[in-house]
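[1] Provide a 3D model corresponding to the input given below.
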Amino acid sequence: MNPNIITISEKYVVGMQGTMHHGEMHNIIALWKQFMPNKFKINNTVNEELIALQYYGDFNDTSKSYEIMACAEVEDLNHIPEGHIGFTIPEGEYAVFVLKGMDAGGLYRKILGEWLPNSGYEIDDRPHFQVMGKKYINGSDKSEEDFYIPIKSKL
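    Have a look, this model is predicted:
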């Protein structure tokens, strides 16, 4: 597991938001079913990629609910269609992993159980997100997407 360690600039996204607890996959599916027929309303996207975003607040407390978004990156937050929200992903350092296939849970377990303890980093309190670009094929073992994990150096 060798992620790319990068620093991203502030990013703006527009999409639809929901709340969930760990293990509530039906909430993610419902959110994307709501978003996909409406994504055309976002008219200032910077590319064709889609973003799945999670903001945990306290990543280590799995009993708490957290916010999720189905969204797209936009140039600015000046044009937010009705029924959508805007959000700013703050600048910061990320470990970027490539998920091949559809086992996101398995990748997270490897990141947290294998890579993170030996990395010199810890999870930072910023959004986690996945970028689904041209290689993303929903439901396919051939699918690829990039997982952005917010990190900071251990003190």
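
[2] what sits opposite the residue lying closest to residue 76 once chain neighbours are set aside in the beta ladder?
    Distances taken as CB to CB, 6 or more residues apart in numbering put residue 12 closest to residue 76, at 5.9 Å, once the chain neighbours are dropped. To be clear about C-beta, it is placed using only N, CA and C from the backbone, and glycine gets the same treatment. Legend: beta-bridge partners of residue 12 under DSSP bridges are residue 74, residue 88.

[3] Pretty sure residue 75 is one of the things residue 12 touches, is it not?
    Yes. Residue 12 is within contact range of residue 75, at 7.2 Å (criterion: CB atoms under 8 Å).

[4] the more surrounded of the two?
    Between residue 12 and residue 75, counted using other CB atoms under 10 Å, the more crowded position is residue 12 (19 against 11).

[5] how much space between that one and residue 86?
    Separation of residue 12 from residue 86 (CB to CB, to the nearest Å): 7 Å.

[6] and the longest helix for this structure?
    For the chain, the longest helix by residue count, based on DSSP state H, is helix 25-35.

[7] ok, and what's touching that helix?
    15-20, 52, 68-71 (CB atoms under 8 Å, 6 or more residues apart in numbering).

[8] Tell me the first helix or strand C-terminal of that helix.
    strand 50-55 (DSSP states H and E).

[9] so what secondary structure elements neighbour that next one?
    Using 3 or more CB pairs under 8 Å, 6 or more residues apart in numbering; DSSP states H and E, the elements in contact with strand 50-55 are strand 11-20, strand 66-74, strand 128-132.

[10] possible to save the ones you listed as TSV with mean pLDDT and distance to residue 121?
    Listed next are the helices and strands packed on strand 50-55 as TSV, based on pLDDT from 0 to 100; distance: least, CB to CB, whole Å:
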stretch	mean pLDDT	distance to residue 121
strand 11-20	96	20
strand 66-74	97	21
strand 128-132	98	14
